[in-house]
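[1] Can you look at this prediction? I've put the sequence above it.
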Amino acid sequence: MSDLYSELLVAREMNATDKMGKIGLIVVTAVAFAAGIVINPIFLAVGLVLAVVDYFIIPRFDVEYEYLYVNGTMDIDRIFSKSKRKKAVSLELSNMEILAPVKSHQLDAYNQNAGIKVQDFSSRNQEHKIYAMIISEGKERMKVLLELDDKMLKDLKQRFPRKVFLD
């Protein structure tokens, strides 16, 4: 029997808040170094601490998501600055209730429920087709936002024909 296997890499687009955060960190660090040179050398120590903080925080603004689907299990990893990988979530798709486009009427019953936790693993570009997956993890439901390609959608539709809606 052949395995259903798909993988996809989706780059998250930086929004205005991300850009302002990144620029803000750099500006504050530069101001601290300038103040250390002009006003008081203690600010040099502050600038050095901020530079170390920047080294760890700024790469978190450049994020890609890798979806790996194998026979009913979807693993989603975060990749920071194309170098550091961190497992985000592993989903057992037998617990999936529905997969449909975000604006689909199939999701109307789930959109009314305010208690659903939302995890966004999409590019955050509203022009792209984003899918919402409602899945049960333990006792709680989760809404997972994904940006799937045709091959992965076809594999999911083949495996879960009554749960996947492509409209």
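    Everything's here; your move.
[2] Burial check on the closest residue to E140 other than its chain neighbours, number of neighbours?
    Distances taken as Cβ to Cβ, 6 or more residues apart in numbering put K117 closest to E140, at 6.6 Å, once the chain neighbours are dropped. In this view, the C-beta of every residue, glycine as well, is placed from N, C-alpha and C. Summarising burial for K117: neighbours were counted as other Cβ atoms under 10 Å, giving 10.
[3] K154 versus K117, what's the distance?
    28 Å (Cβ to Cβ, to the nearest Å).
[4] Roughly how far does the most centrally placed residue in the chain sit from Q112?
    The C-alpha lying nearest the average C-alpha coordinate of the chain belongs to F121 (Cα atoms, centre = their mean; 2.9 Å). As judged by Cβ to Cβ, F121 and Q112 stand 23 Å apart.
[5] Okay, strands next: where are they in this structure?
    If DSSP state E is used as the criterion, the strands of the chain fall at 5-11, 63-70, 73-80, 84-92, 96-101, 117-120, 131-137, 140-146.
[6] how about the lengthiest helix in the chain: buried residues?
    Among all segments of the chain classified by DSSP state H, the helix with the greatest residue count is helix 16-38. Of the residues in helix 16-38, D18, G21, K22, L25, T29, A32, F33, A35, G36 count as buried by neighbour count, 16 or more other Cβ atoms under 10 Å.
[7] Pick out whichever of the residues you listed sits closest to Y67.
    The closest of these to Y67 turns out to be D18 (Cβ to Cβ; 21.4 Å).
[8] who touches the closest residue to the closest one other than its chain neighbours in this structure?
    Counting by Cβ to Cβ, 6+ apart, F61 is the residue found nearest to D18 once chain neighbours are left out, at 5.1 Å. Contact analysis of F61 by Cβ atoms under 8 Å, 6 or more residues apart in numbering lists M14, D18, G21, K22.
[9] what about the closest residue to the third one other than its chain neighbours, distance to G115?
    Nearest residue to G21 in three dimensions, chain neighbours excluded: F61, at 6.9 Å (Cβ to Cβ, 6+ apart). Distance of F61 to G115, computed by Cβ to Cβ: 30 Å.
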